[in-house]
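> Structure for the following, please:
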Amino acid sequence: AAIEWYKKALLVDGNFIESLSNLGAVLVESDRGDEAVPHLEKALTIDSNYSVAICNLGLARIKQERYQEAISLLLRSLQLNSGYPESLVGLARAYFESEQNNLALEILLEVIKRDGLRADAHSLLGSIYTEEGKSDLAEQHFNTVLAIDPENVAAITGIGNIKMEQGDFLQAKAQFMKATQLDENNIEARFYLTQVEKVSKDDPNVTALESILTSKANLSVDKKISLHYALGKAYDDTKRFDDAFPHFLEGARLKRSKISFDAAADAQLTDSIISTVSEEFISKNQGGGDLSDAPIFILGMPRSGTTLVEQIISSHPDVFGAGELDCLIQILQQPIDGVDDNGKGFPDNFVNLTPELLSKYGQQYIESIKALAPTAKRVTDKMPANYLMLGLIPLILPNAKIIHVK
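The predicted structure is shown next:
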């Protein structure tokens, strides 16, 4: 309704900047970022320093997954309007989406220090902590959102996701059902309902998904991916294989369009690791690292059974199953002090490695996992990409265990 009224206002005065900016904002809220951009760009041709329109354009760029542009716009809006909460939360989201979690957390914690009732800030904190495996903190923030807004679908779905990750499928299903009752077209919750248990014939969730598909709704690429994968899973479970496979194909096609992968660059990375982490390199750098025996690395190809192995090990009371952690690769991507690596990451930044630096990196990793489980004697890390660091793990963490699942 708001969209229609703003459009009516613009029929009266096509240059009314407030309506242009607000129309853009509502279109962004409705997941229609592409439609929002022309209105916001027009607002900025009228007044290039209109900070609210700059903020809204930044939020639209997030929807378009143009995160660096979003960051630049949101920083500019904050220069013009310091402390504007929508710009701050938007900037935090842009950092989160571009995998700069520390910057996002810093902003969000400052936002809620100023205003503890910012549901959007708490919700984004919940998402970040969920991704980082800090389920207790994530659930705490989602519950704060629900105390402010009991019908906040994002927070309800977030809690459901946590429960599903913890294996509490009944509670997870209850949360996803609640989310769909509040928003019948919520594709995220409906997708998770297909994942949380085997889909049965005549499942009303499947009927709802089919209805969304035939409604020709203006969906983002991410929502289309979830919709097709949900229907693929539903039809597969009910043995409608000829119906399932086209949805899996379309979901995969859309997903592939979002992935930037260069096979030649990947091969070059492998060759670089082989040439850098040589026998001479290992021999030269032994004697450093952190001596903790807490880490257990579980490696293997997808679907090889790494999750089951982690579940078996973490059922022991002394072990915390941390899931897939990205902290090791984050630590090893750091530029080495005093070395001009020309912006190159792992392993090219390791040419001038020292045992002292290895000890520092080992300590950083142990601090990261201890923050997740301060009392655990052992912590498992089943990030598949850790296989790239197999030559370095014994140097950084000489007492760590490595389990290779075939």
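> who does the helix or strand hosting Lys113 touch, helix- and strand-wise?
Counting by DSSP states H and E, the element that carries Lys113 is helix 101-114. When contacts are defined as 3 or more CB pairs under 8 Å, 6 or more residues apart in numbering; DSSP states H and E, helix 101-114 packs onto helix 85-97, helix 119-131. Backbone N, C-alpha and C define where each C-beta goes, glycine included.
> Could you point out the helix or strand that follows the helix or strand of the chain with the lowest mean pLDDT?
Every helix and strand in the chain was compared by mean pLDDT, DSSP states H and E; the lowest is helix 327-332, with a mean of 87. Toward the C-terminus, helix 327-332 is succeeded by helix 355-372 as the next helix or strand (DSSP H and E).
> Show me what the following helix or strand past that next one is packed up against.
Counting by DSSP H and E, the element after helix 355-372 in chain order, helix or strand, is strand 378-381. Counting contacts by 3+ CB pairs under 8 Å, 6+ apart, strand 378-381 packs against strand 295-300, helix 306-314, strand 319-321, helix 355-372.
> ok, and what's touching strand 378-381?
With contact meaning CB atoms under 8 Å, 6 or more residues apart in numbering, strand 378-381 is reached by 293-298, 310, 313-314, 316, 318-325, 328, 369-370, 372-373.
> And the contacts of the helix or strand that it is followed by?
Sequence order places helix 393-396 as the next helix or strand after strand 378-381, per DSSP H and E. Residues from elsewhere that reach helix 393-396, judged by CB under 8 Å, 6+ apart: 282, 285-286, 288-290, 297, 328, 358, 361-362, 365, 386, 400, 402.
> Taking those, tell me the two that lie furthest apart.
Gln286 and Asn386 (20.0 Å; CB to CB).
> Now do Phe261 against Lys201, distance only.
Counting by CB to CB, to the nearest Å, the gap from Phe261 to Lys201 is 38 Å.
> Which one's more surrounded, the two?
Taking other CB atoms under 10 Å, Phe261 and Lys201 do not tie; Lys201 has more neighbours (10 against 7).
> Point me to the helix or strand that includes the more buried one.
Residue-wise, Lys201 maps onto no helix or strand under DSSP H and E.
> quick one: pLDDT of Asp262?
pLDDT for Asp262: 89.
> just Phe281 next, same as before
Phe281 carries a pLDDT value of 89.
> Surely it forms part of a strand?
No - Phe281: not assigned to a strand; according to DSSP: H, G, I helix; E, B strand; the rest coil it is helix.
> re earlier: selecting buried members of the contacts of helix 393-396 in PyMOL, what would you type?
In PyMOL, the members of these classed as buried (16 or more other CB atoms under 10 Å) are selected with the following command:
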select buried, resi 285+288+289+290+297+328+358+361+362+365+386+400
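> my guess is Ser19 meets Leu11, correct?
No - counting by CB atoms under 8 Å, Ser19 stays clear of Leu11, with 9.9 Å between them.
> picking up where we left off before, residues contacting the helix holding Lys113, please?
So helix 101-114 is contacted by 83, 85, 88-89, 91-93, 95-96, 118, 121-122, 124-125, 128, 131-132 (CB under 8 Å, 6+ apart).
> how distant is that helix from the center of its chain?
Taking CA atoms, centre = their mean, to the nearest Å, one finds helix 101-114 lying 16 Å from the centre of the chain it belongs to.
> now stretch 385-399
25 Å.
> Likewise for stretch 11-30?
That offset, for stretch 11-30, works out to 30 Å (CA atoms, centre = their mean).
> Give the buried residues for that stretch.
Buried residues in stretch 11-30 (16+ other CB under 10 Å): Phe16, Ile17, Ser19, Leu20, Ser21, Asn22, Leu23, Gly24, Ala25, Val26, Leu27, Val28.
> returning to what we had before: as a markdown table, the helices and strands packed on strand 378-381 with mean pLDDT and distance to Lys223 would be great.
Output for the helices and strands packed on strand 378-381, formatted as a markdown table (pLDDT from 0 to 100; distance: least, CB to CB, whole Å):
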| stretch | mean pLDDT | distance to Lys223 |
| --- | --- | --- |
| strand 295-300 | 95 | 32 |
| helix 306-314 | 91 | 27 |
| strand 319-321 | 92 | 31 |
| helix 355-372 | 91 | 31 |
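> for those, which one sits closest to Ala36?
Comparing the helices and strands packed on strand 378-381 by CB to CB, helix 355-372 comes nearest, at 38.2 Å.
> CA atoms only for the closest one - export them in PDB, please.
The C-alpha coordinates for helix 355-372 follow below in PDB (Å, rounded to 0.1, in the frame of the first residue of the first chain):
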ATOM      1  CA  PRO A 355      58.700 -20.100  14.300                       C
ATOM      2  CA  GLU A 356      57.700 -17.100  16.400                       C
ATOM      3  CA  LEU A 357      54.900 -16.200  14.000                       C
ATOM      4  CA  LEU A 358      53.700 -19.800  13.900                       C
ATOM      5  CA  SER A 359      53.500 -19.600  17.700                       C
ATOM      6  CA  LYS A 360      51.400 -16.400  17.500                       C
ATOM      7  CA  TYR A 361      49.100 -18.000  14.900                       C
ATOM      8  CA  GLY A 362      48.700 -21.100  17.000                       C
ATOM      9  CA  GLN A 363      47.800 -19.000  20.000                       C
ATOM     10  CA  GLN A 364      45.200 -17.000  18.000                       C
ATOM     11  CA  TYR A 365      43.600 -20.300  16.900                       C
ATOM     12  CA  ILE A 366      43.400 -21.600  20.500                       C
ATOM     13  CA  GLU A 367      42.000 -18.400  21.700                       C
ATOM     14  CA  SER A 368      39.300 -18.600  19.000                       C
ATOM     15  CA  ILE A 369      38.200 -22.100  19.900                       C
ATOM     16  CA  LYS A 370      38.400 -21.500  23.700                       C
ATOM     17  CA  ALA A 371      36.100 -18.500  23.300                       C
ATOM     18  CA  LEU A 372      33.500 -21.000  21.900                       C
END
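> angle of that helix against strand 295-300?
Angle of helix 355-372 versus strand 295-300, following axes from the mean of the first three to the mean of the last three CA atoms, to 10 degrees, is 90 degrees.
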